[in-house]
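Student: Below is the structure, and that's it, no one-letter string:
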């Protein structure tokens, strides 16, 4: 069976070259006579795989030397707890949060279990179709940290700026935007991301943590939720998600060989522009509900002019080899996630299908 173009929001499409290399090494990785899934995480071969993956990610993102790169389990949702547990000793113990979508809303709810949360901006009244204007909110200069979600996967909204937080550490959930374009890591205290969108398979979470923010968890914090535990043990205090770490390393290696993040950003910008142009130029057959300045590069929701056409659109698109285009149940409509590994040919195929469908049903 031919591979489809997978527009799923996560677990998401992986680069075909990476999958083929993993396939070739499935039974024998580099002469070891075993799969990476079977290797000891303490063995020399896996240690080399792990160290190279971290080094390649540091190169890709130009991560400063005073940041630890942690390869963790538990998904980004575990970070919703780990962040307040590790940072609440700073400042006055409160935290500022931007609520701009489903995932930041979950982060707010979890943080409230551990710290006093100040929601500095809330776009829920707009049904999460916009982001707050820069400087339209008041931040607490004594807060322990400021948290935001640069890209919201479900609503397809994205900040077009980085909030300025002064001396207060900025924490970002970059699960759906990491590696999509260059970012100045030094502007953040913590960057975290679930792997299953732009990095690799689900089961791995990467946290990039400035060193001065490590080591402040209280004695009541579980050992596995203390960044210090993982920083001091090379992310191997317990058995890490070894195969996901290996696949992530292959993704990083491929990105470096293909021009790095700058080259990826050019392709991503082009893919997003093509798709938004197709929506905007459809004479109202398709509509994107998000404010233009807040449109996501990675997740593009769109609504058909007649809801009765949703099921035929999905059925026909599946037959055309365009998979997982249904919008999230809380939003409806359609959503095309066009992460790094989605080839431009996939976006072109989607646009061609959309045009044909509109011609036949308009």
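Tutor: The structure has been received and is ready for your questions. Note that the coordinates shown come from a computational prediction; the quantities given were computed from them, not determined experimentally.

Student: can you pull out the helices in this protein?
Tutor: For the chain, the helices identified by DSSP state H occupy 16-24, 44-61, 75-87, 102-111, 227-232, 242-257, 260-280, 310-319, 344-361, in order along the chain.

Student: Which positions within the fourth one qualify as buried?
Tutor: Within helix 102-111, the residues that count as buried by 16 or more other C-beta atoms under 10 Å are 102, 103, 104, 105, 106, 107, 108, 110, 111. For glycine as for every other residue, the C-beta is placed from the backbone atoms N, C-alpha and C.

Student: again, but for the longest one
Tutor: Buried positions in helix 260-280, judged by neighbour count with 16+ other C-beta under 10 Å: 260-261, 264-265, 267-268, 271-272, 274-276, 278-279.

Student: Same check on the shortest one?
Tutor: Burial within helix 227-232, assessed by neighbour count using 16+ other C-beta under 10 Å, is assigned to 227, 228, 229, 230, 231.

Student: Going by distance to residue 209, which of those residues wins?
Tutor: Distance to residue 209, by C-beta to C-beta, is smallest for residue 227 among the buried residues of helix 227-232, at 5.5 Å.

Student: can you pull the contacts of the closest one?
Tutor: Contact partners of residue 227, counting by C-beta atoms under 8 Å, 6 or more residues apart in numbering, are 68, 70, 82, 86, 207, 209, 213, 214, 215, 217.

Student: Can you tell me which of these are buried?
Tutor: Using 16+ other C-beta under 10 Å as the burial test, these include 68, 70, 82, 86, 207, 209, 213, 214, 217 as buried.

Student: Any figure for the gap between residue 27 and residue 38?
Tutor: Residue 27 sits 10 Å away from residue 38 when distances are taken as C-beta to C-beta, to the nearest Å.

Student: again, but for residue 237
Tutor: Residue 237 sits at a distance of 21 Å from residue 38 (criterion: C-beta to C-beta).

Student: When those two are compared, which one has more neighbours?
Tutor: Taking residue 237 and residue 38 together and counting by other C-beta atoms under 10 Å, residue 237 has the greater number of neighbours (15 against 12).

Student: Quick check: closest non-adjacent residue to that one.
Tutor: Counting by C-beta to C-beta, 6 or more residues apart in numbering, residue 229 is the residue found nearest to residue 237 once chain neighbours are left out, at 5.1 Å.

Student: likewise residue 226?
Tutor: On the basis of C-beta to C-beta, 6+ apart, the spatially nearest residue to residue 226 that is not a chain neighbour turns out to be residue 217, at 4.3 Å.

Student: For that neighbour, give me its contacts.
Tutor: 85, 86, 89, 225, 226, 227, 228.

Student: Burial check on the residue nearest to residue 116 when sequence neighbours are not counted, number of neighbours?
Tutor: Residue nearest to residue 116 in three dimensions, not counting chain neighbours: residue 94, with 4.2 Å by C-beta to C-beta, 6+ apart. Residue 94: 16 surrounding residues under other C-beta under 10 Å.

Student: Give me the pLDDT for residue 94.
Tutor: Among the per-residue scores, residue 94 holds a pLDDT of 98.

Student: wait, what's in contact with it?
Tutor: Contacts here follow C-beta under 8 Å, 6+ apart; on that basis residue 94 touches 115, 116, 117, 118, 140, 142, 143, 144.

Student: same deal with residue 178?
Tutor: Residues touching residue 178, when contacts are defined by C-beta under 8 Å, 6+ apart, comprise 191, 193, 197, 198, 199, 206.

Student: same deal with residue 52?
Tutor: Counted by C-beta under 8 Å, 6+ apart, residue 52 has contacts 249, 253.

Student: what's the distance between residue 186 and residue 169?
Tutor: Using C-beta to C-beta, we find residue 186 at a distance of 12 Å from residue 169.

Student: Could you check which of these two is surrounded by more residues?
Tutor: When neighbours are counted by other C-beta under 10 Å, residue 186 and residue 169 differ, and residue 169 comes out ahead with 22 against 11.

Student: That one against residue 147, yeah?
Tutor: No: Residue 169 is beyond contact range of residue 147, at 9.5 Å (criterion: C-beta atoms under 8 Å).

Student: circling back: now the buried residues of helix 260-280 in CSV, with pLDDT and distance to residue 329?
Tutor: Conversion of the buried residues of helix 260-280 to CSV gives the following (pLDDT from 0 to 100; distance: C-beta to C-beta, whole Å):
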residue, pLDDT, distance to residue 329
260, 98, 36
261, 98, 33
264, 98, 30
265, 98, 31
267, 98, 30
268, 98, 26
271, 98, 25
272, 98, 24
274, 98, 27
275, 98, 22
276, 98, 23
278, 98, 25
279, 98, 21
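
Student: With distance to residue 322 added, can I get those residues in a markdown table?
Tutor: What follows is the buried residues of helix 260-280, written out as a markdown table (distance: C-beta to C-beta, whole Å):
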| residue | distance to residue 322 |
| --- | --- |
| 260 | 29 |
| 261 | 27 |
| 264 | 22 |
| 265 | 24 |
| 267 | 19 |
| 268 | 19 |
| 271 | 14 |
| 272 | 17 |
| 274 | 15 |
| 275 | 12 |
| 276 | 17 |
| 278 | 13 |
| 279 | 15 |
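
Student: Among these, which pair sits farthest apart?
Tutor: 260 and 279 (29.5 Å).

Student: Number of residues surrounding residue 182?
Tutor: Counted by other C-beta under 10 Å, the residues lying close to residue 182 total 14.
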